[in-house]
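J.: Have a look at this prediction, sequence included:
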Amino acid sequence: MKKILKNISLFFALIMLGSSCSDFDEINVKPDAFNSDEVSAKFFLTGIQIKLYAPDRYPYWRAQLIHADRYAGHFTFGFNGSWWDDGLGYSYNSGYTDAAYDWLDGYVSGLSVYLNFVKEGGDLENQNYYAIGLIMKGLYYQMYTDTFGMVPYSEALNPDIITPKYDSQAQIYEGVINELDEAMTIIGDQTTTGTGVELLGENDLFCGGDLQKWKKLANTLKLRMALRAMGASGATFAQTAVQEAMQADVLTTESDNALMEKDTDISQWSNAAYGDVWWNFGTGSNWTVGKTLIDYLRKNNDPRLEKYAQPIDGGTVTFTRPTEGDNIALFDKHVNFILQTLDDQDVDYSKTETADQVTITISDAKSFYVGQPTRLNGKIYPYVSEQLFSRPAEIVINPKNQGKEIFPEVVMTAAEGNFLKAEAIVKGLASGDAQTYYQEGIRQAMKMWSVDDAAIDTFIATEAMAQLNGSSEENLMKISVQRWIADYTDGFEAWAVVRDTGYPSELAAGVSDFDIFAGGTLNGAYPQRMRYGTAAYNTNGDNTNAAISEQGADVQATKLWWAK
């Protein structure tokens, strides 16, 4: 018993992450009140779930917002009043990259302790909790390797190895898929983790303790990774994995969604939300919704438009010609670009001009949703008025502790399960009706944002985007774009979709007009990965350099193993 309590003390940082739960409150207040019937791994699972999908504000801001959500084309900075132009993140900055790297690289320590506790022979040995741990490991490694490429995997969880080697993405993908298979075999037909203190229940923020939902989640992740690996060098395991996953259950119905509800009380230094950035720092830290996303929603009459974004503020905006500097010559080009963006999105405005100023007025702004173009640079920054572009919907950016609903963290969804099945069929890797799965994917993606059934039915019945009626490539484009749209607020996965499929193509193409757009470190190319953090070189330099020699230069332009 003393040994168990000593080992459990290693987990107190994780326990604190779940301190809103009554079980955690009791542990924190009276840690000496444990007896052998009260010790369970369930008290530690909550922490590693939160740490992966809603870490503290520092990495949440610098990893999700500054990098993944913006590489995904979902969010943009760079309006006049923002702290940054929208080139932030496209130009390498170790201060921002290190925050993302340190969070993801450091996550493995808590995961390792958990798995060593619950594995066979561990102090809290429990095969069901071990199976869940393997699935958590898969979720983590898919995100981690898809962000940086080669990372430590096979030796990373061994506490006796201080400087683990880096594994290839092929080895990581195959290893994760094998571990997902192991987890699904352990779960079998079981529905719960046990009885009494071993019953997981509400301590599980993803699946509510439902082992069959965990099993579906594991198989959906297996299908995602196997399809992503298809065609990559050495991915000999991928086709078999796709076929196996297609023969088993994936997340397909509304009740299957693995969404982590936001705890509105817990500290932002334990569990952050977008609102912790939006409301804590004034206008300078705010962001707008990307043009590519708004365009797909608006042009296809997608009812998620008003669920994802807010109408523009409109009103009167005056653009004044500068009296000095390079922007004198670019004034007309910059203003015309902004006006053309409004024209492209059918905004009704009046305009007056003088030699030195252009003034526009938008009277009925509530009718218009306008996305801000991605990667606008510092030259055009003075003319990018926030009131001309749509902010995220309130449910995305609502503050904590005010009784307002906050959209949950996306872990894995029924929408994706259906889209992946449709993709496998279109690629000829399985049989079935791709359109049925595709349309069900759309339905589930919309229901997740509380779109009513009538609006969903109308979209599916009337919009060309809802029909897989083109060539294989055209159908794959639609599936990819719908996956990308459904990944809104899950920037890491949305960014992976673009790199994997090449869609939306306007994002994957990067930018070229540097009078308007930020070329960044990549000279306009689309970012393919993030660079390793400073800690990788300081603590594991030899293995980091060995990985670079195999994978390619440690720059954002180096394509990952599976990238299109």
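T.: Received, thanks.

J.: use CA for all of it now, contacts and neighbours both
T.: OK.

J.: roughly how far apart are the residue sitting nearest the centre point of the chain and Lys213?
T.: For the chain, the residue nearest the mean C-alpha position is Asp490 (2.5 Å; Cα atoms, centre = their mean). Asp490 sits 20 Å away from Lys213, going by Cα to Cα, to the nearest Å.

J.: Contact partners for Glu38?
T.: Each residue near Glu38 by Cα atoms under 8 Å, 6 or more residues apart in numbering is listed here: Val197.

J.: same thing with the one 4 residues further on?
T.: Applying Cα under 8 Å, 6+ apart, we find Lys42 in contact with Tyr129, Glu198, Leu199, Leu200, Asn203, Asp204.

J.: Could I get the residues you listed in CSV, plus columns for neighbour count?
T.: Output for those, formatted as CSV (neighbours: other Cα atoms under 10 Å):
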residue, neighbour count
Tyr129, 28
Glu198, 19
Leu199, 16
Leu200, 24
Asn203, 23
Asp204, 19
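
J.: Which ones among the residues you listed lie within helices?
T.: If you go by DSSP state H, the contacts of Lys42 have Tyr129 in helices.

J.: Quick one: the strands in the stretch 101-250 of the chain, in order.
T.: For the stretch 101-250 of the chain, the strands defined by DSSP state E, counting those that start in this stretch occupy 151-152, 166-167.

J.: by contact count, what packs against the last one?
T.: Translated: strand 166-167. strand 151-152, helix 534-551 (3 or more Cα pairs under 8 Å, 6 or more residues apart in numbering; DSSP states H and E).

J.: Mind doing that once more with 6 Å?
T.: When contacts are defined as 3 or more Cα pairs under 6 Å, 6 or more residues apart in numbering; DSSP states H and E, strand 166-167 packs onto strand 151-152.

J.: CA atoms of stretch 324-341 as CSV?
T.: Presented in CSV, the C-alpha positions along stretch 324-341 are these (Å, rounded to 0.1, in the frame of the first residue of the first chain):
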residue,chain,number,x,y,z
GLU,A,324,5.7,58.4,-46.9
GLY,A,325,7.2,54.9,-47.3
ASP,A,326,6.8,52.0,-49.7
ASN,A,327,3.0,51.9,-49.1
ILE,A,328,2.4,55.1,-51.1
ALA,A,329,2.9,53.1,-54.3
LEU,A,330,0.9,50.1,-53.0
PHE,A,331,-2.1,52.1,-51.6
ASP,A,332,-4.4,51.5,-54.6
LYS,A,333,-3.4,47.8,-54.9
HIS,A,334,-4.0,47.3,-51.2
VAL,A,335,-7.4,49.0,-51.1
ASN,A,336,-8.5,47.4,-54.3
PHE,A,337,-7.6,44.0,-52.8
ILE,A,338,-9.8,44.6,-49.7
LEU,A,339,-12.6,45.8,-51.9
GLN,A,340,-12.3,42.9,-54.2
THR,A,341,-12.5,40.6,-51.2
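
J.: Tell me the buried residues in that stretch?
T.: Of all the residues in stretch 324-341, those buried under the rule 16 or more other Cα atoms under 10 Å are Asn327, Leu330, Phe331, His334, Val335, Phe337, Ile338, Leu339, Thr341.

J.: how about the nearest residue to the first one, chain neighbours excluded?
T.: The reference is to Asn327. Computed as Cα to Cα, 6 or more residues apart in numbering, the closest residue to Asn327 that is not its neighbour in sequence is Lys379, at 6.8 Å.

J.: The one you found looks like it's in a helix, true?
T.: No - Lys379 sits outside any helix when classified using DSSP: H, G, I helix; E, B strand; the rest coil, being coil.

J.: what separates it from Thr288, distance-wise?
T.: Lys379 sits 18 Å away from Thr288, going by Cα to Cα.

J.: what do you get for Lys222?
T.: Distance of Lys222 to Thr288, given as Cα to Cα: 33 Å.

J.: sorry, back to before: ok, which of the strands of the stretch 101-250 of the chain comes nearest Ala546?
T.: With Cα to Cα as the measure, strand 166-167 is the member of the strands of the stretch 101-250 of the chain nearest Ala546 (8.0 Å).

J.: Show me what the closest one is in contact with.
T.: Strand 166-167 is contacted from outside by Met150, Val151, Pro152, Tyr153, using Cα atoms under 6 Å, 6 or more residues apart in numbering.

J.: change it to 7 Å
T.: Strand 166-167 is contacted from outside by Met150, Val151, Pro152, Tyr153, Ser154, Asn543, Ala547, using Cα atoms under 7 Å, 6 or more residues apart in numbering.

J.: Check stretch 483-492 too.
T.: Residues contacting stretch 483-492 (Cα under 7 Å, 6+ apart): 64, 68-69, 72, 74, 143, 410, 416, 419, 445, 493-494, 497.

J.: out of the residues you listed, who has the most neighbours?
T.: In terms of neighbour count, Ala72 stands highest of the contacts of stretch 483-492 at 32 neighbours, by other Cα atoms under 10 Å.

J.: measure it to Gly138 for me?
T.: 22 Å.

J.: Okay, now the unreliable bits of the chain?
T.: Per-residue confidence for the chain (pLDDT under 70) gives these ranges: 1-37.

J.: Longest helix in it, please.
T.: Per DSSP H, the chain has its longest helix at helix 94-118.

J.: Quick one: list the elements packing against that one.
T.: helix 57-59, helix 127-148 (3 or more Cα pairs under 7 Å, 6 or more residues apart in numbering; DSSP states H and E).

J.: which of the residues in it are buried?
T.: For helix 94-118, using 16+ other Cα under 10 Å, the buried residues are 96-105, 107-108, 110-118.

J.: quick check, distance from it to the centre of its chain.
T.: 17 Å (Cα atoms, centre = their mean, to the nearest Å).

J.: ok, and what's touching it?
T.: Against helix 94-118 from outside (Cα under 7 Å, 6+ apart): 48, 59, 62-63, 122-127, 129-130, 133, 144, 157, 531-534.

J.: Now render the helices and strands packed on helix 94-118 as JSON lines, adding distance to Trp562.
T.: Output for the helices and strands packed on helix 94-118, formatted as JSON lines (distance: least, Cα to Cα, whole Å):
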{"stretch": "helix 57-59", "distance to Trp562": "26"}
{"stretch": "helix 127-148", "distance to Trp562": "9"}
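
J.: from those, which stretch is densest packed?
T.: helix 127-148 (a mean of 22; mean count of other Cα atoms under 10 Å).

J.: and the residue sitting furthest away from the middle of the chain, how far is that from Leu339?
T.: Within the chain, the residue lying farthest from the chain centre (Cα atoms, centre = their mean) is Ala355, at 46.0 Å. According to Cα to Cα, Ala355 stands 17 Å off from Leu339.

J.: One more: Gln142?
T.: For Gln142, the distance to Leu339 - Cα to Cα - is 41 Å.

J.: And for Val197?
T.: Between Val197 and Leu339 the distance, using Cα to Cα, works out to 62 Å.

J.: about what we covered before: hmm, which two among the contacts of stretch 483-492 are most spread apart?
T.: The distance between the two most remote of these (Cα to Cα) is 23.7 Å, for Gln64 and Phe419.

J.: Name the residues that touch the strand or helix carrying Arg443?
T.: If you go by DSSP states H and E, Arg443 is part of helix 434-447. Contacts with helix 434-447, where a contact means Cα under 7 Å, 6+ apart, come from 253-254, 304, 414-416, 418-419, 421-422, 425-426, 456, 460, 466-468, 479, 486.

J.: In contact with Lys404, which residues?
T.: So Lys404 contacts Asn398 (Cα under 7 Å, 6+ apart).

J.: Let's see that with 10 Å instead.
T.: Neighbouring residues of Lys404 by Cα atoms under 10 Å, 6 or more residues apart in numbering: Thr264, Glu394, Ile395, Asn398.

J.: Format these as CSV; extra columns: distance to Thr193.
T.: What follows is the contacts of Lys404, written out as CSV (distance: Cα to Cα, whole Å):
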residue, distance to Thr193
Thr264, 27
Glu394, 37
Ile395, 33
Asn398, 35
